[in-house]
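Enquirer: 3D, please:
(one chain, ligands or ions: 1)
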Amino acid sequence: MNAITPTIPSNQHAAPPAAIELVALTKRYAQGSPAVDSINLRITSGSYCCLLGPSGCGKSTTLRMIAGHESVSSGDILLENRNITNLPAAQRGTAMMFQSFALFPHLSALDNVAFSLKMKGMGKAERHTRAKDLLDRVAMGALAERKPAELSGGQQQRVALARALITQPKVLLLDEPLSALDPFLRIQMRAELRRWQKELGLTFIHVTHSQEEAMALADTMVVMNHGLIEQVGSPHEIYNRPASEFVARFMGGHNVLDTPAGKIGVRTDHMQLTPASQAAPEGPHNQRAVITDVEYQGTYVLLGLQNPGISQSVQTAHTTAELSVMVSEAAFAARPYALGEAVQLSWAPEAAHRLQAERCAPVTATA
Ligand SMILES: Nc1ncnc2c1ncn2[C@@H]1O[C@H](COP(=O)(O)OP(=O)(O)OP(=O)(O)O)[C@@H](O)[C@H]1O
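Expert: Sure thing, here's the model as predicted:
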């Protein structure tokens, strides 16, 4: 165990209690950049926290270290101020729910849920009573005798949740729990997960690569990239004020524009289009562009645009960066734009905010 005693700032008493605190947590699998690079994070008790980021950013490694399924290279993990860094998984007060649910195929739903109590030596009658109570709680009591293969994906997920809860964890860890489900069921089960978390009042830490899933579920989103935390905030904060170019691009729905003052982000639905013939004088909050793509999306039309006047020979990844503008269906019907049409793009100064180009140091973050 590392000899780290977390320093408690004098104003900390005002902060809500942390269920999980990561202190300079690092995982190094081999030479080179660490998979998780000295991250600091406090996850508020009773909150729904989503760890989000592209493949390989270190989110699953972080979750596995919290669960005790992966050793820590350096740093500490505290659960309600108790240092659990080197405790065995079963003694941490966490439980894990996996992507594939990992149910035993030969056991009934009831025996799957009761399994860990059996391992602890609890008698059959008592463990079955406790397992049945939990199955009732997730509306699966009537199907308690069925095997996993006789259950739908959503029902299996409920059994997996009951199985994770039987150990009475303080923190439930969920590793891509919805990715095995079809898109309709995924949205339904997403709502159930959120409801369960609120009803149980537990801390959920949910790993996902889906921005939409994280936005729908999280009280707090933690966006990771290359083993570092890029930004921590509510879905509204992350979507409306992405801190860096990476977060703006990863979350989508934003244009990243080069200005003399540096890079700025503007939401695609916060940009206005004007036909070139009615363009205002060029200024810091507008730009010429040409329509290169028109996509009908139902409630809105997504227009792809490119800066004009850049010959093919000088185009680079930097200069060809595409822009998008989201126009309501009604506005597009009133004034449709055609491919190749020259326009002026503009935005209100308050719709733009500065972006950091890249993170160069780990942030201290509170979720
Ligand atoms: N057991 C391992 N041995 C060596 N390297 C590993 C191991 N597990 C993960 N890595 C590496 O650590 C980095 C982070 O992996 P991790 O699985 O945490 O990423 P992730 O963000 O969860 O990605 P994904 O969404 O693809 O699961 C990656 O570069 C990965 O290749």
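
Enquirer: how close does the residue of the chain most remote from its centre sit to residue 259?
Expert: Relative to the mean C-alpha coordinate of the chain, counting by CA atoms, centre = their mean, the farthest residue is residue 277 (43.0 Å). Note on residue 277: its distance to residue 259, by CB to CB, to the nearest Å, is 25 Å. In short, each C-beta sits where N, CA and C put it, glycine included.

Enquirer: Next, the residue nearest the centre of the chain: phi, psi?
Expert: Nearest to the geometric centre of the chain sits residue 52, at 3.2 Å (CA atoms, centre = their mean). Torsion angles at residue 52 (phi, psi; degrees, to the nearest 10) stand at phi -130, psi 140.

Enquirer: Which strand residues bridge it?
Expert: residue 208, residue 223 (DSSP bridges).

Enquirer: Next, count neighbours for residue 176.
Expert: Neighbour count of residue 176, defined by other CB atoms under 10 Å: 19.

Enquirer: Also residue 203?
Expert: Neighbours around residue 203, by other CB under 10 Å: 26.

Enquirer: List the contacts of the nearest residue to it once chain neighbours are set aside.
Expert: The shortest distance from residue 203 to any non-neighbouring residue, by CB to CB, 6 or more residues apart in numbering, is to residue 19 (3.8 Å). Under the criterion of CB atoms under 8 Å, 6 or more residues apart in numbering, the contact list for residue 19 reads 43, 44, 45, 46, 47, 79, 80, 170, 171, 203.

Enquirer: Let me know the secondary structure of residue 19.
Expert: Under DSSP: H, G, I helix; E, B strand; the rest coil, the three-state class of residue 19 is strand.

Enquirer: measure it to the ligand for me?
Expert: Going from residue 19 to the ligand by CB to the nearest ligand atom, to the nearest Å gives 21 Å.

Enquirer: Give me the spatial nearest neighbour of residue 24, chain neighbours excluded.
Expert: Leaving aside its sequence neighbours, residue 24 sits nearest to residue 75 (CB to CB, 6+ apart; 4.1 Å).

Enquirer: per-residue confidence at that neighbour?
Expert: Predicted confidence (pLDDT) at residue 75: the value is 97.

Enquirer: now do residue 318
Expert: On the pLDDT scale, residue 318 gets 42.

Enquirer: Then residue 192?
Expert: 87.

Enquirer: any idea how far it lies from residue 171?
Expert: 19 Å.

Enquirer: Run through who's touching stretch 253-269.
Expert: For stretch 253-269, contacts defined as CB under 8 Å, 6+ apart pick out 239-240, 242, 245, 248-249, 271, 284, 287, 300, 302, 321, 323-326, 347, 351-355, 357.

Enquirer: so what's residue 27 up against?
Expert: With CB under 8 Å, 6+ apart, residue 27 has these contacts: 34, 35, 36, 58, 61, 62, 65, 70, 72, 73, 227.

Enquirer: who are the neighbours in contact with the third one?
Expert: It refers to residue 36. Residues near residue 36 by CB under 8 Å, 6+ apart: 25, 26, 27, 58, 61, 62, 65, 227.

Enquirer: check contacts around the residue in the stretch 101-250 of the chain positioned nearest to the ligand.
Expert: Of all residues in the stretch 101-250 of the chain, residue 209 sits closest to the ligand, at 4.9 Å by CB to the nearest ligand atom. For residue 209, the contact set (CB under 8 Å, 6+ apart) comprises 52, 53, 54, 55, 59, 176.

Enquirer: quick one: contacts for residue 203?
Expert: 19, 20, 43, 44, 45, 46, 47, 49, 170, 171, 172.
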